[in-house]
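**Q** Below: sequence and its predicted model.
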Amino acid sequence: MATPHWDDAPSWANWLAQDEEGDWHWFEAEPVAGSCRSKLGFWRRVEGRCNWARKTPCYRHWHETLTDRPPLQEKH
């Protein structure tokens with residue numbers, strides 16, 4: 001799966017998730033899972049910003065794709 005890389009994330013993005021249709025989004029605040037009759041499973045922004053990152057095939061359950069930004073690593 002071609003998960004977007006955190007090096008490409010907006011500086012404000014703290015979360016990354018893929019919805020059931022394969023769209024990846026960056027989120028400023030932790031999103032919540034949602035669904036409705038007109039759309040399959042998706043991540044809903046509760047507050048903060050949200051930007052589309054890319055679309056790739058979804059190979060696992062979309063609920064398992066929510067990840068937070070990894071800590072910055074010191075450069076030696």
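**A** Thanks, I have the structure now. Numbers count the residues shown, from 1 in each chain.

**Q** all strands for the protein, in order.
**A** Using DSSP state E, the strands found in the chain span residues 15-18, 23-27, 32-36, 39-44, 50-55, 67-68.

**Q** Looking at the ones you listed, which one is packed in the most?
**A** Of the strands of the chain, the one with the most neighbours on average (mean count of other C-beta atoms under 10 Å) is strand 15-18, at a mean of 24. Any C-beta I mention is one placed from the backbone N, CA and C, and that applies to glycine too.

**Q** if we can go back for a sec, make TSV out of the strands of the chain and add distance to D7 and mean pLDDT.
**A** Below are these laid out as TSV (distance: least, C-beta to C-beta, whole Å; pLDDT from 0 to 100):
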stretch	distance to D7	mean pLDDT
strand 15-18	12	96
strand 23-27	12	96
strand 32-36	26	80
strand 39-44	21	79
strand 50-55	12	93
strand 67-68	14	96
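
**Q** For the ones you listed, give me a markdown table that also has distance to D8.
**A** Supplementary listing: the strands of the chain in a markdown table, determined by distance: least, C-beta to C-beta, whole Å:
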| stretch | distance to D8 |
| --- | --- |
| strand 15-18 | 10 |
| strand 23-27 | 9 |
| strand 32-36 | 24 |
| strand 39-44 | 18 |
| strand 50-55 | 7 |
| strand 67-68 | 14 |
